[in-house]
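Undergrad: Could you work out the structure for the sequence below:
(3 chains)
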Amino acid sequence: MKFHFRLPGVKVMVGLVLLAVFTFLAFFGSALAPYDPSARSNDILQSPSAKHWFGTTHIGQDIFSQILVGTRSVMFVGFFAGILATVIAVVIGVTSGYLSGWAGEAVSTVSNVFIVIPALPLIVIVTNVIPNSGDWAIAMVIGCTGWAWGARLLRAQTLSLRQRDFVQAARANGESTWRIVGVEILPNLTAIIASSFIGTVMFAVMTEIALAFVGVSGISQWNWGEVLFWAQGQQALAIGAWWWFVPAGLCIALLGTSLALINFGIDEIVNPRLRGAGRTTVRTADGRKARMRFGFTPVLTPSADEGGGR
Amino acid sequence: MTSEVVLEAEALTKHFPVRARGRAALSRGPKVVHAVDDVSLSLRRGRVTALVGESGSGKSTVARLLAQLYPRTGGDIRIGGVSTAVKGGGRHFKAYARRVQMIFQDPFASLNPVHTVRHHLTRALKIHGRYTGEESLDELLGRVQLTPASLYLEKYPHELSGGQRQRVSIARALAADPEALLADEPVSMLDVSIRLGVLNLLRDLKERLDLAVLYITHDIASARYFADETLVMYAGRMVEGGDSETVTQRPAHPYTHLLVHSAPDPERVRGGPAPYDDEDTGEPPSLIDPPSGCRFHPRCPKAMDVCRARVPERTLVGDAPDHWVACWLFDDEGKGEGKGTDAEAADIETTDIETTDIEISDVEAADVEAAAAEAQAPELEGAAP
Amino acid sequence: MKYFAGRVGFYLLTLWAAITINFFIPRLIPGNPVDSLIAQRRGEIDSNAIKSLDILFGLDKHQSLLSQYWSYLGQLAHGDLGISFQNFPEPVTSVLGSALPWTLGLIGTTTILAFLIGTLLGVFAGWKRGTWVDGLLPVTTFLSSIPYFWLGLIAVTLFTGVDSWLPSSGGYDPGLVPGWDLGFIGNALRHSILPAATIIISSVGGWLLAMRNMMVTVSAEDYITVAHAKGLSDRRVMTKYAARNALLPSVSGFGMALGLVVGGTFLVEYVFSYPGVGLQLLNAISGHDYPLIQGVFLTVTVAVLAANFLADLAYMALDPRTRKEG
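TA: Numbers count the residues shown, from 1 in each chain, chains lettered A, B, ... in the order given. Got it, this is the predicted structure:
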């Protein structure tokens, strides 16, 4: 199966590069960290310096090391939860889209229920209530609650694909239902699945950081949210220790942006109309400017001294 | 000589349920779209049967019912004489699909855009256990005149032209080695210049492989060219049938008349007599609430009281064997009830012959006159009470 | 009407699901929370209170699960959400009663404002592609990737200080008595500016992007070309034809997105110590105040369902197709 590869635009490349950096850090962060992130020292609440790039905490821990080490937990939980949620979304969404009749409707209602119920409160409650919540457990909980959006999206797409002639043709050939869903319909959904996956990863990353921020225990050490938790707890704002919480937030924003940019790229592949319009102002023969808009033919009125410029 | 019947439908009916909304849901019972009502036809080996009608007449539904892509509401489908009802996806359906295959109208939509030609054909062969390696693919493409095969196997649908795609679809259908081929408007979406090529291919295949072909179209002229037998459908019911030449040259039913004469004709532009009152000829009716009795009566210039009351039965027209029509104008009963019918019926046929005179070349004029004589004869017979 | 009835049925179903989830939450807790409460209070608890808590937590072992469920439903029907552990003996309903208006006010206004601003900007971004408006997209995307609460932290650092006009926490100055007088309201509004601003800035991006994509898709449709050909002004075509149609998916997605907004708002309340329901929830969690936790979850879900319902009504008003069928 071949994909139509256009050279990805600037936006997507930036996103991919950022993502690659974070992935690299997830694997090698702890090796690269100059200090043990939990180690205390006497350099209390220092602003960024050559010795501590991101400054130190109230007990002398190096914030830069904390961020580096914390990347692993963030990336792991984010992607694992994303994968789990996407798998569930694909299974539920595609089957409910292909099955006609009440079975499909019932499954769709279930996913709608999950969408409407506010996710964060539910996750916060569940993770607090179950014993032994480590990274895996958190990822599982997020995965099992965050699949609903994707399922709804995939169901809508599958419903429309099911009517297409090539699916009917495969049926007429005698193809079995499972092969139709897996081999004929699924490949046509890859762009949507990829986009939904990225969206879910974003959601998972945000959620687990929020969980760490409010103090849900059990998440791996130095998840970025935990850095913020300590910053908040120690009133970093009040004492003006801005370096304590700025890097963590920036990293979150950068990771989120990189994922969003990649998502843009996928959107544009699927719907070529969404691509940036590029240079749209052109000069006409008589020196006036005309703006080209996709789908519209510019109309030029003749100027007074020239007979109908075009 | 009649060849063996491969696939036949008897009193085939399909009603689609309509989701009742709002006030409608409270008043009557569940509404249905009467897409197909009481359709009977037979497909024979080595013969092409054309099913002609405008959009919404139900002809595509008939094809899908015969392919058993969805279940029928009533009637019977017999393959090789044996009644059959299978649901999609299972073993029984596969056995049925091995014998009855379908070609779709839109050459682009009927091929999966993410798969190559090779994938399409390999799957088609493998499903029915007829894949024997590369040669089977080459041979399949050879049958639809796409050679050399290597040029086409690795291509994606969007890299082929419309005619090529349709040939691939035909090859895919042939992979199962079917006995019956259902072609749902196979050339309607192709450029006019390549239509002939594809139709000739189908005729060629029909002869070599002894297939029974159902050719669905809205273009009655191509039915005359390609098909042995022509059936006309209107609003879900069959209204006329017979061998193609007779039905297209001497249409009996007012609707067939309309079809035949609605094709733009340069001769008429030059001022030949208008065969019909060319005014607004109306639109097809709603199939949720079809007209009572004969469904064509709201548009029919010759409608009588009986037409509104009862569904006409099939009667032989008499000018050719197997030429039948479902119209009260030709039924003795119907004739009895309406005084003006004889003259009006005569009107239709006389007018028809005049037009035929103008349309065809001199060489065939002799044939036409002979036909005209024939047509007059049964008319005179019918006039006797 | 079919559409309407279908939606109402769906909300009832979701309500039932939320109630049932609520029912099961405390049963996941190891140990017996009521006993620990009694120990905490050294036995000074009203027996009725204990009974109601037992029903809430299903600790009455003599009953089967099903009859526990019935008792729980009955309790809910009476408006009894249990008694808060932390604020003992104040019932959950009264704790929530004082906190809910703050949250509703905050979420309500910020969501509507973000929706309006984002959608409006999205209309322009989609219509005038190729101009500077396109540059808004990466900026708002970046802003949307920033967690609400972090933005709140930054805002506090940048805009507040010891003597600044914008307060750094709370819903109103301590010492002021809540009431409907102008002084209080003015003070409350002042306290809400920062929390509201952080939420709006962060969520605008989502609406903007969605609206822009829809505008782009809609502007390629034939009826837009016809409208232009008729000679209507560009502005008119943009608003009455394109935007009107592009709006529909955003409105229908509004209710669904609310679930996400709620989560973010809770965190903002936490950062600003804004006396809303979210703050209550997060405090309740660290304090193991299970009745309060359950009460918050249920209340929030009901509120989200109600908002969804209103959004559906708006959708019905906007899309004539739903009305025609009903």
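Undergrad: and residue B:28, what pLDDT?
TA: pLDDT recorded at residue B:28 is 55.
Undergrad: hmm, I was thinking of residue A:287
TA: For residue A:287, pLDDT reads 63.
Undergrad: Same check on the one 3 residues further on?
TA: Reading off the per-residue confidence, residue A:290 sits at a pLDDT of 62.
Undergrad: sec struct for the residue in the stretch 201-350 of chain B that chain A sits nearest to, please.
TA: Nearest residue of the stretch 201-350 of chain B to chain A (CB to the nearest CB) works out as residue B:214 at 13.2 Å. Just so you know, the C-beta spots here come from the backbone N, C-alpha and C atoms, and that holds for glycine as well. Look at residue B:214: counting by DSSP: H, G, I helix; E, B strand; the rest coil, its state is strand.
Undergrad: likewise residue C:135?
TA: Quick answer, by three-state DSSP: residue C:135 is helix.
Undergrad: Tell me how far it lies from chain B.
TA: 34 Å (CB to the nearest CB, to the nearest Å).
Undergrad: List the contacts of that residue.
TA: Contacts for residue C:135 (CB atoms under 8 Å, 6 or more residues apart in numbering or on different chains) come out as none.
Undergrad: Who are the contact partners of the residue lying closest to the residue of the stretch 201-350 of chain B closest to chain A once chain neighbours are set aside?
TA: What sits nearest to residue B:214 in space, not counting adjacent residues and going by CB to CB, 6 or more residues apart in numbering or on different chains, is residue B:182, at 4.7 Å. The contact partners of residue B:182, taken as CB under 8 Å, 6+ apart, are B:63, B:66, B:67, B:100, B:101, B:102, B:103, B:213, B:214, B:216.
Undergrad: Wait, the third one touches residue A:173, no?
TA: No: the pair formed by residue B:67 and residue A:173 falls short of the contact definition of CB atoms under 8 Å, at 10.2 Å.
Undergrad: so what sits against both of these two?
TA: With CB under 8 Å, 6+ apart as the test, residue B:67 and residue A:173 both reach B:97, B:101.
Undergrad: coming back round to it: output the contacts of residue B:182 in a markdown table; the columns should cover pLDDT, neighbour count and distance to residue C:197.
TA: Converted to a markdown table, those look like this (pLDDT from 0 to 100; neighbours: other CB atoms under 10 Å in any protein chain shown; distance: CB to CB, whole Å):
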| residue | pLDDT | neighbour count | distance to residue C:197 |
| --- | --- | --- | --- |
| B:63 | 93 | 23 | 62 |
| B:66 | 93 | 23 | 66 |
| B:67 | 91 | 24 | 62 |
| B:100 | 93 | 26 | 67 |
| B:101 | 94 | 26 | 65 |
| B:102 | 94 | 27 | 62 |
| B:103 | 94 | 27 | 63 |
| B:213 | 94 | 27 | 72 |
| B:214 | 95 | 27 | 69 |
| B:216 | 95 | 25 | 64 |
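Undergrad: So residue C:267 versus residue C:150, what's the distance?
TA: Distance, residue C:267 to residue C:150, using CB to CB, to the nearest Å: 9 Å.
Undergrad: and what of residue B:179?
TA: Counting by CB to CB - residue B:179 and residue C:150 are separated by 70 Å.
Undergrad: between those two, who's got more neighbours?
TA: Counted by other CB atoms under 10 Å in any protein chain shown, residue B:179 and residue C:150 do not tie: residue C:150 has more neighbours, with 26 against 20.
Undergrad: nearest residue to the more buried one other than its sequence neighbours?
TA: residue A:249 (3.7 Å).
Undergrad: wait, isn't the one you found in contact with residue C:148?
TA: No: with contacts counted by CB under 8 Å, residue A:249 stays clear of residue C:148, the gap being 10.8 Å.
Undergrad: Now for the residue of the stretch 251-385 of chain B found nearest chain C: which residues touch it?
TA: In the stretch 251-385 of chain B, the residue that lies nearest chain C is residue B:288 (14.5 Å; CB to the nearest CB). Neighbouring residues of residue B:288 by CB under 8 Å, 6+ apart: B:18, B:31, B:32, B:33, B:34.
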